[in-house]
Each structure stands twice: as C-alpha cells, then as structure tokens.
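Enquirer: Kindly generate the corresponding structure for this input.
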Amino acid sequence: MAITLNGTTGISSPGGDTSTSLATTNLSYTGTLTGGTGVIAIGTNQIYKDSSGNVGVGTASPSVKLHVSGGNAWVINSAASCRLLVGQGTSANQYGYIQWNYTNTTLDIRSQSNPIVFGTDATDWMRLDASGNLGLGVTPNSGWITGGTFENQGGGIWSNAPSVNYYLQNAYFGASNVWRYRSSNPACMYHQYLGNHYWNIAPSGTAGNAISFTQAMTLDSSGALIIGDTVTTGTPTKGFTALINGGSSYFSIGHITGTGSGTGYMQFIYNGGLIGSITQNGTTGVLYNITSDQRLKENIVDAPNALDSVNAIKVRSFDWKSDGSHAEYGYIAQELLEVAPEAVHTPADPEEMMGVDFGKLTPRLVKAIQELTTRLEALEAK
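Expert: Next up is the predicted model:
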C-alpha cells in the first residue's frame, strides 16, 4: 500500500495503520478499499456514507442509494422507481424531477408549484403551469378558471367540469375574470353547457381589451334552434326559432317593435337574383311575393281568352286516404295539369306526389272574371 501525505510519497505502513483518522491534508490513496461498513464523512456534509451504504452529497441523511442536496443529480430510489431530481432548492417545495415508476410503469415529469416548460434554446414552445393549464406557443393566462385549459396563438379550449366546455377564437379568460382579445381582430366563442350549445360572436377589438360577446345562435337540449335571439320561444322578438314542441315542430321568425312594413321575413334566390319573398305588411300581416317587375319582362300583350279554360277546370269533392277527412272543393293534380299546367308541380321522379299551387290560378280566374264582366255589361246595354 502506498500513501502520499502532503505531497510526499514513499511512506508505507508495513503493519497496517490502525488509527481512526489522519489529521492531514492532500491525502491520496492508490489501491482497493475493503471493509469499512461504518459511517464515512468527508467535510461538513460534503460526502457522507451511512451504515446502510446510502451516499449523500450535501446531506448527512441520504434517503436513497445516491442522494444529492442543493444541486442537480440522479436520485436512484428502491426497486420501485428511478428518479432524476432537477434543481432542488433550499425549501421542500422547490424541486422538479423525472421519474420512471417500475410498479405502475409510468414516466412522471413533475415540478412542485412551478410550471413545466418545453422549448428550444431561449424559446418556450409549450408551458404547463401549476394550475394544469397548457399553453402551446403562449403562456397560459392567469385569469383562466382552474380546471385545465389549452391555449395557443389563435384561441383556446377550457373545461372545468363534465357539464361545461368552451372553444375560443382570438379570445382568452384574462385579468379581472373577463373575456379578452388576444389580437386586434374579431372573436368568437362556442360554449357547451348542460346539453345546450351556444355560438357567440364579437366585432374587432383591441388586443388585451375586454370582449362583449353577442349570443348569435343557440341549440338547446330540447332540440330547439334559435338564431339572433337567446330565448327559446315560438314568438321570438327578433331572429328566428325552429322548435320541437312535443310531437310537432314549427319555424318562427320575429321582427322587433318598430320594424317598417315591407321588411323581409324570407327571400328566395336563384343564380344570385331574387325570385320571391315573404315580407312584413304593416303590423298585422304578411305578403307572399313572386317576382313580377316589368323590367324583367318583354313581349307584353293581352292574355288570350280564359273563360273557356276556367270552365274546363274540374272542381272535385273527395276524401283524403291518410285520415279520412273530406274536402268539399278541390282539384286533382293530374286533371288540372291538362288545363292549367302552370299551377301543377310535376316532380322529376314519377313515384313522388304531384302538387298544386292554388295561387297560380289567380291570373286565369281574373281574366275569366273580366270576360264575364264584359259580357254582362253588353247584356245590360241592350
């Protein structure tokens, strides 16, 4: 065995050194140490080995095979798990670690009361804060209600209970617990709550400012669809509502008080042009309009005789097969087609039912009445 003391070599101990300590510095040893199952301490908690073989660096109370306090180190636990402890501070809640748990075969990445950040160089690409909120390319906002959220540059997703979900565009739940613009553009929000669906919109605003959302559309848990209003009712004050009421369903359109006569309820368009509409008529009626402007027509002449064709129309009485109800006056589509085809809908599929538009007969009937009036006036003149 060779021992070097204070830089001097060649001192040997032929009979073996039985002292418990060497009061010297610059001690080095070349060879193999055996035995020594007791406690070994070097410096003041610099390196410490207890009687169980646990080694501590910076601590005199190693709890595992290798325990480093006050720095970055591997901490290898028992056969249950293997942990890499990263940057433990001076207090118990200042730590982060990566751990593989052999028992339940999970890989844990944890930080005590601090965010976990994934990035490249000085750029943060993903951040998980202490409340469980996840930001992709952004820092999750502190104003989010705790419950787990996801945010990115465009918006976010938030859910804090099985009954509620938010999907946001250009919006976040920010300071003072209000919705705020992420950028100076329009914003929208889709919200699910207790089986109801809500679509909200907002015009352009300034980044960071509060958002005043307007509830633009709602689909409630009963299946009712409301657009332009927030209340499920068959008589909406604005917008329209499609309702299912028991075994029946209906569609309602509302105008607010003061809406002028002629304002449209519904429009029918073909190739970008208006071909029909339903409009408000005063405050107690509606008009059903078919496009008939002179500017759309040419080759305008008087209509031919209509009285004979009207007399040829067969007006029938019949019973409906579906419910047995009786109609005292009506038409048979196939019969009317031979006289007034403009009033009959003939589907492309012959298996589908034909239909009659009673309003299309009006011009023919008016012409017939005019002819009768002329005859009557001639008779009266005699």
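Enquirer: and the gap between A207 and A171?
Expert: According to CB to CB, to the nearest Å, A207 stands 11 Å off from A171. Every residue, glycine included, has its C-beta placed from N, CA and C.
Enquirer: Who has more neighbours out of these two?
Expert: A171 (25 against 11; other CB atoms under 10 Å).
Enquirer: that older thread, joint contacts of A207 and A171?
Expert: 181-182 (CB atoms under 8 Å, 6 or more residues apart in numbering).
Enquirer: Spatially central residue for the protein, please.
Expert: Closest to where the C-alpha atoms of the chain average out (CA atoms, centre = their mean) is Y167, at 3.1 Å.
Enquirer: Could you say which helix or strand holds the nearest residue to that one once chain neighbours are set aside?
Expert: In space, and not counting its chain neighbours, Y167 is closest to Y190: 4.3 Å by CB to CB, 6 or more residues apart in numbering. For Y190, the host element (DSSP states H and E) is strand 187-193.
Enquirer: And that strand, how far out from the chain middle?
Expert: For strand 187-193, the separation from the chain centroid amounts to 6 Å (computed by CA atoms, centre = their mean, to the nearest Å).
Enquirer: Name the strands paired with the next helix or strand after it and say parallel or antiparallel.
Expert: As assigned by DSSP H and E, the chain's next helix or strand after strand 187-193 is strand 196-202. Within its sheet, strand 196-202 is paired with strand 187-193 (antiparallel), strand 214-219 (antiparallel), according to DSSP bridges.
Enquirer: Give me the mean pLDDT for the first one.
Expert: What that stands for is strand 187-193. The average pLDDT for strand 187-193 rounds to 93.
Enquirer: Of all the residues in that strand, which ones are buried?
Expert: Buried residues in strand 187-193, counted by 16 or more other CB atoms under 10 Å: 187-189, 191.
Enquirer: can you give me the helices for the protein?
Expert: Shown for the chain, the helices assigned by DSSP state H span residues 307-312, 333-337, 362-381.
Enquirer: So which of the ones you listed has the densest surroundings on average?
Expert: Comparing the helices of the chain by mean neighbour count (mean count of other CB atoms under 10 Å), helix 333-337 ranks first with a mean of 16.
Enquirer: who's in contact with that helix?
Expert: 313-314, 316, 343-346, 354-356.
Enquirer: Now do A343, the pLDDT please.
Expert: A343 carries a pLDDT value of 95.
Enquirer: neighbours of the nearest residue to it once chain neighbours are set aside, just the number please.
Expert: Nearest residue to A343 in three dimensions, chain neighbours excluded: K360, at 3.7 Å (CB to CB, 6+ apart). Residues near K360, counting by other CB under 10 Å, number 16.
Enquirer: Confirm for me that K360 is in contact with A340.
Expert: Yes. Look at K360 against A340 with CB atoms under 8 Å: they come within range, at 7.1 Å.
Enquirer: will you turn the strands paired with strand 196-202 into TSV that also has distance to S63?
Expert: Compiled in TSV, those are given as follows (distance: least, CB to CB, whole Å):
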stretch	distance to S63
strand 187-193	47
strand 214-219	57
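Enquirer: Show the contacting residues for the residue lying closest to N200 once chain neighbours are set aside.
Expert: Leaving aside its chain neighbours, N200 sits nearest to F213 (3.9 Å; criterion: CB to CB, 6+ apart). Taking CB under 8 Å, 6+ apart, we find F213 in contact with 179, 187, 189, 200-202.
Enquirer: if I pick A312, what's in contact with it?
Expert: So A312 contacts V339 (CB under 8 Å, 6+ apart).
Enquirer: re the thing from before, tell me which two of the contacts of F213 sit farthest apart.
Expert: Pairwise distances across the contacts of F213 peak at 12.1 Å for W179 and I201 (criterion: CB to CB).
Enquirer: Out of the two, name the residue with the larger neighbour count.
Expert: Between W179 and I201, counting by other CB under 10 Å, W179 is the more crowded of the two (19 against 14).
Enquirer: Before we move on, what's the pLDDT of the residue nearest to that one when sequence neighbours are not counted?
Expert: Distances taken as CB to CB, 6+ apart put I211 closest to W179, at 4.2 Å, once the chain neighbours are dropped. pLDDT for I211: 95.
Enquirer: I'd say I211 and N185 touch.
Expert: No. Using CB under 8 Å, I211 is not in contact with N185, being 11.2 Å away.
Enquirer: who's more crowded, the two?
Expert: Applying other CB under 10 Å to I211 and N185 shows that I211 carries more neighbours, namely 22 against 14.
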